[in-house]
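# This is the structure alone, sequence omitted:
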RNA sequence: CGGGGUAUAGCGCAGUCCGGUUAGCGCAUCUGGUUUGGGACCAGAGGGCCGCAAGUUCGAAUCUUGCUACCCCGACCA
C-alpha cells in the first residue's frame, strides 16, 4: 500500500508533501508560494473555523472585518512592529494597467502611481488600532473584544503547503482593555482556548509557555505560545496570543477616560491561529497509509462501502446501508455512502484510509444475511464484524474512543520524545540524532540563545508555564538558571 | 540575494552526449466486455507549439545564444 505514498520514515518532508496532495487537501497554484486549498482540505478548515468561532463567541468576542490594505504610513507608527514585518510585505504601488505602446501586452500604467503605497496586510494591528482610536473614548467602551477571519500575506522566501505559504487564512483577535491585568488575563484566556481546541479537537498535545525576547511578536510585550511536537521530532508553533501592553495605543493615540476621570492609554492583546493547523494535524497523526483525522474535525466521519455482485445484491445492500446511514445521521454523525460502481471495494478502502476517514463500514452479502457489518477503525487499522442491532450506539461510542486514542497516542509520543538534559554533549546528541523536545537550563540571554541556534539549529520554543522552579546551570555557558526551558528544532 | 538543478501529454519520466522516418513509456482519461470481502483484467482509442525567442543546418526535443519559470540547499519565517 505504501507504494502510493513516499514512506514516512524514509523522507518525512516528501511524505508530508505527497500526502497533502494525494489526500486532496491542497496543491500548489500558478502563483509562487500560494496554494489552492481543495474542497476536502477546506472542509477541514471550515470545521476548525466553526469550532473556534463558537469558542470565541462563548468567551464574549464578536466578528468584524477590516481592510486588506494598510496605508504605508500606518505601518511605521510602531517601531518594533515595522521592524518585524517590513522585510516580507507585498506593496501596492499602482492602481491601473494599460496596453503597452508597442502592442505587446498589458503594462502597469506609470501615470497611475498611488500617492501613498498600500501594504497588503501581514497582520492587522495597525489598521485596527487606527480604527479603534475613533471607537474608544471612555472606560464604558471597554473591553472591546473583536475577532476577524481573514487572509494575510507574508512574502516568505520558501514556502510549504499549509506550513508556510505566501498567502494564508487565519483569524486574528484584537482586544482593548482598561487595565493591564485585564489585558494579560485576556491574552492568557485565549491561549487557553487555543490549547483546548488543539488538544481536544485536533488531538494534539501542546506545551503552553511564553516566548523569549527574540521569538516574540513584533510589537508585543509578551507572546504566549502553544508548541506541539510533530512525528519527525520537530516542534510546530500552533498558535500565539500576545499581550501588547500600551504599545499600539500609544502608536495610534488611543486614550480613554478611566473611572477616576483621568486619561490613559488602552491596553491591548492580539491572538491568532492559521491554516497551518491543518499541517499540524497531518504531521501529528498521519501514517504511511495516509491521513488520520480526529472524528471531531473529519469532514466525513463514517463511510459505508457496499460489497456486491450484480444489481440485485447492490439493491438489497443499499437498502440496509441507507437505513444505517439515516440512523447514524440522526445521532449527529456525518456519513457518506459510497455506492460508486466505477471503483472496486479495495480501491475505496485504500482511498478512505488515505483521506483519514475515522470509521469505515463494509456491508456485503454475508453481512446482509447475518445481520452484521464490518467496522474498520482508521486509527488502529483494525476490523471487527459486529451485529447491526445497536450499531449506532457502538459507532457513537467508537468516535469518542478514536478521538481519545489519537490524543493518547500523540501524547505518548511526545512524552517518549521529551528529554531533560544537563550537559552540552547530551544536548547536541539529542537534537542532532533523536529530535524531540529538550528541557534544559539556559542563562536567559539572547546572545546564548543565538549561539545555541547557530550551533545546533535548535531554538527556545517557549518558557513553559508548567515547568517547576529548579536551580541549574546553562547548558552552554554554565551560568546559573532557575528554570528549564523548552528547546527544539522547529518548523 | 548567493550556490546547484530542472523544463518533453493531466501526472511521473525516457530520448538530448553523438541532429535524421510518424517523439516514446508508466499512471491517469475515454469506449466495449469480463469483474467487485484490500488499490481488477482484456481489447481498443484519444491526448504534444518538446518552457519562450533568435541563430546554425537540407533537416533541431537534440547544437549555440538570450530570456522566463519552477525545484533543492543557505540567510528570513506562523
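That came through fine. Here the structure is a predicted model, which is why all the values come from computation and not from measurement.

# so residue A:255 bridges to which residues?
residue A:265 (DSSP bridges).

# Could I get the contacting residues of it?
A:136, A:249, A:263, A:264, A:265, A:266 (Cβ atoms under 8 Å, 6 or more residues apart in numbering). Using the backbone N, CA and C atoms, a C-beta is placed for each residue, glycine as well.

# What of residue A:292?
A:285, A:286, A:356, A:378, A:379, A:406.

# Point out where the stretch 51-200 of chain A drops to low pLDDT.
A:102-105 (pLDDT under 70).

# about what we covered before: now secondary structure, distance to residue A:82 and pLDDT too, for the contacts of residue A:292, in a markdown table please.
Shown next, in a markdown table, are the contacts of residue A:292 (DSSP: H, G, I helix; E, B strand; the rest coil; distance: Cβ to Cβ, whole Å; pLDDT from 0 to 100):
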| residue | secondary structure | distance to residue A:82 | pLDDT |
| --- | --- | --- | --- |
| A:285 | helix | 39 | 96 |
| A:286 | coil | 39 | 94 |
| A:356 | coil | 41 | 96 |
| A:378 | coil | 47 | 98 |
| A:379 | coil | 46 | 98 |
| A:406 | helix | 42 | 98 |
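
# right, and out of these, which lies closest to residue A:303?
Set against residue A:303, the nearest of the contacts of residue A:292 by Cβ to Cβ is residue A:378 (9.8 Å).

# quick one on the thing from earlier: which among the contacts of residue A:255 count as buried?
Buried members of these, scored by 16 or more other Cβ atoms under 10 Å, are A:136, A:249, A:265, A:266.

# quick one: the first one and residue A:258 touch, right?
Think residue A:136. No - using Cβ atoms under 8 Å, residue A:136 makes no contact with residue A:258, being 11.6 Å away.

# residues from the stretch 251-400 of chain A in reach of RNA strand B?
Contact residues, the stretch 251-400 of chain A versus RNA strand B (Cβ under 7 Å from any atom of the strand): A:274-276, A:289, A:307-310, A:341, A:344-347, A:349-351, A:353-354, A:362-368, A:374, A:376, A:381, A:383, A:385.

# Kindly recompute the last result at 6 Å.
Contact residues (Cβ under 6 Å from any atom of the strand) of the stretch 251-400 of chain A with RNA strand B: A:274, A:276, A:307-309, A:341, A:344-347, A:349-351, A:353-354, A:362, A:364-367, A:374, A:376, A:383.

# and the residues you listed, which of them are in helices?
Those of these mapping onto helices are A:276, A:345, A:346, A:347, A:349, A:350, A:351, A:353, A:354, A:365, A:366, A:367, per DSSP state H.

# Farthest-apart pair in the residues you listed, please.
A:276 and A:365 (46.1 Å).

# ok, those two, which is more surrounded?
Higher neighbour count among residue A:276 and residue A:365: residue A:276, with 21 against 14, using other Cβ atoms under 10 Å.

# re the thing from before, which of the residues of the stretch 251-400 of chain A next to RNA strand B are buried? Put it as a PyMOL command.
To isolate the buried members of these in PyMOL, using 16+ other Cβ under 10 Å:
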select buried, chain A and resi 274+276+307+308+349+351+353+354+362+364+367+374+376
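
# so where do the helices sit in chain A?
Counting by DSSP H, the helices of chain A are A:12-22, A:39-58, A:72-75, A:79-85, A:125-135, A:180-200, A:247-251, A:276-285, A:310-330, A:345-354, A:365-370, A:391-416, A:424-429, A:446-456.

# Show me the domain layout of chain A.
A:2-285, A:302-399, A:418-488 (automatic domain parsing).

# Give me the pLDDT for the residue of chain A found nearest RNA strand B.
Closest to RNA strand B within chain A is residue A:364: 2.1 Å, counting by Cβ to the nearest atom of the strand. With respect to pLDDT, residue A:364 has a value of 96.

# residue contacts, the residue nearest to it when sequence neighbours are not counted?
Among residues not flanking residue A:364 along the chain, residue A:307 sits closest, at 3.5 Å (Cβ to Cβ, 6 or more residues apart in numbering). By Cβ under 8 Å, 6+ apart, the residues touching residue A:307 are A:317, A:345, A:362, A:363, A:364, A:365.

# What separation do you get for residue A:307 and residue A:168?
42 Å (Cβ to Cβ, to the nearest Å).

# same question, residue A:410
According to Cβ to Cβ, residue A:410 and residue A:168 sit 24 Å apart.

# can you check residue A:439 too?
For residue A:439, the distance to residue A:168 - Cβ to Cβ - is 31 Å.

# now residue A:174
Here the criterion is Cβ to Cβ. By it, residue A:174 lies 18 Å from residue A:168.

# One more: residue A:485?
28 Å.

# which residues does the nearest residue to residue A:171 once chain neighbours are set aside contact?
Excluding the flanking residues, the one nearest residue A:171 by Cβ to Cβ, 6+ apart is residue A:149, at 5.0 Å. Residues in contact with residue A:149, defined by Cβ under 8 Å, 6+ apart, are A:49, A:53, A:63, A:65, A:169, A:170, A:171.

# okay, now the first one: neighbour count?
This points to residue A:49. Other residues close to residue A:49 by other Cβ under 10 Å number 16.

# With the fifth one instead?
Burial measure for residue A:169: 18 neighbouring residues, criterion other Cβ under 10 Å.

# at contact distance from RNA strand B, anything in stretch A:160-179?
Yes - using Cβ under 6 Å from any atom of the strand, stretch A:160-179 reaches RNA strand B at A:164, A:165, A:168.
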